[in-house]
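>>> Below are the sequence and a predicted model for it; my questions follow.
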Amino acid sequence: MFKSFHHQWLAIELLKRHAKISIVHKETGIAKQPLRNACRNLHGKSANPGALKYSTRGLTRNFKNYKEVTLFVVCFKTVNARSQDTVIQKTIYAFDLYKRFCPDSKLDFSSCWVVAKDLVAKNIQLASCIHCNSAVLLHAREDGINRCGVCKTEVSR
């Protein structure tokens, strides 16, 4: 009973943040149709259609997006260091923290979920610039360049 309650609570929390139905289904195990209905009831419209990006590299194609993803990763690492919760709960907390810093950002929860998965799988890493100490996201660009977003120093690890 409590497991079912937890999954329902998690589904609502994810749907409140406009997570893709496929993500909510994957994280909760709840069938997609009831999730679509809940989304329609919660937001007054159907869930956003469209393919889910499956790689951080697909989300960081331009410099503005790269900086936004880097800030989300900083938020995630901060939450991760202070919490014993599951990865999905940490992703929710980090997304909420990120949105407090950047309320007008186009980076959505579903994209942040992909980034968090890549970070946990160690496909991407967060480093500090050796010149200005700013956060630099490594292995996150399709062009393979790991460059500081502040001072443009190339960073390698």
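Perfect, I can see it now.
>>> separation between the residue most central in space within the chain and Arg82?
Centroid-nearest residue in the chain: Cys112, 1.2 Å away (criterion: Cα atoms, centre = their mean). In this view, Cys112 and Arg82 are 18 Å apart by Cβ to Cβ, to the nearest Å. C-beta coordinates here come from the backbone N, C-alpha and C atoms, glycine included.
>>> name the element the residue nearest to the centre of the chain belongs to?
In this assignment (DSSP states H and E), Cys112 forms part of helix 109-120.
>>> Just give me the neighbour total for the residue nearest to Lys20 when sequence neighbours are not counted.
Once flanking residues are discounted, Lys20 sits nearest to Ser110: 4.5 Å by Cβ to Cβ, 6 or more residues apart in numbering. Using other Cβ atoms under 10 Å, the number of residues around Ser110 comes to 21.
>>> which residues does Ser110 contact?
Counting by Cβ atoms under 8 Å, 6 or more residues apart in numbering, Ser110 makes contact with 18-20, 23, 52-53.
>>> if I look at it, how far off is Pro103?
Where Pro103 is concerned, Ser110 sits at a distance of 18 Å (Cβ to Cβ).
>>> Please apply the same query to Ser134.
When distance is defined by Cβ to Cβ, Ser134 is 22 Å away from Pro103.
>>> Of these two, which one has the most company?
Taking neighbours as other Cβ under 10 Å, Ser134 and Pro103 compare with Ser134 leading, 16 against 7.
>>> how close does the more buried one sit to Leu107?
From Ser134 across to Leu107, the span is 18 Å (Cβ to Cβ).
>>> Which strands and helices lie in contact with the helix or strand containing Ile12?
Secondary structure assigned from DSSP H and E places Ile12 in helix 2-16. Secondary-structure packing of helix 2-16 (3 or more Cβ pairs under 8 Å, 6 or more residues apart in numbering; DSSP states H and E): helix 21-28, helix 32-43, helix 87-101.
>>> avg pLDDT for that helix?
Averaged over helix 2-16, pLDDT sits at 87.
>>> which secondary element of the protein has the worst mean pLDDT?
Lowest mean confidence among the helices and strands of the chain (mean pLDDT, DSSP states H and E): helix 56-59, at a mean of 84.
>>> what does that helix contact?
With Cβ under 8 Å, 6+ apart as the contact definition, helix 56-59 has outside contacts at 53, 65, 69, 107, 111, 114-115, 118, 123-124, 137, 140-142.
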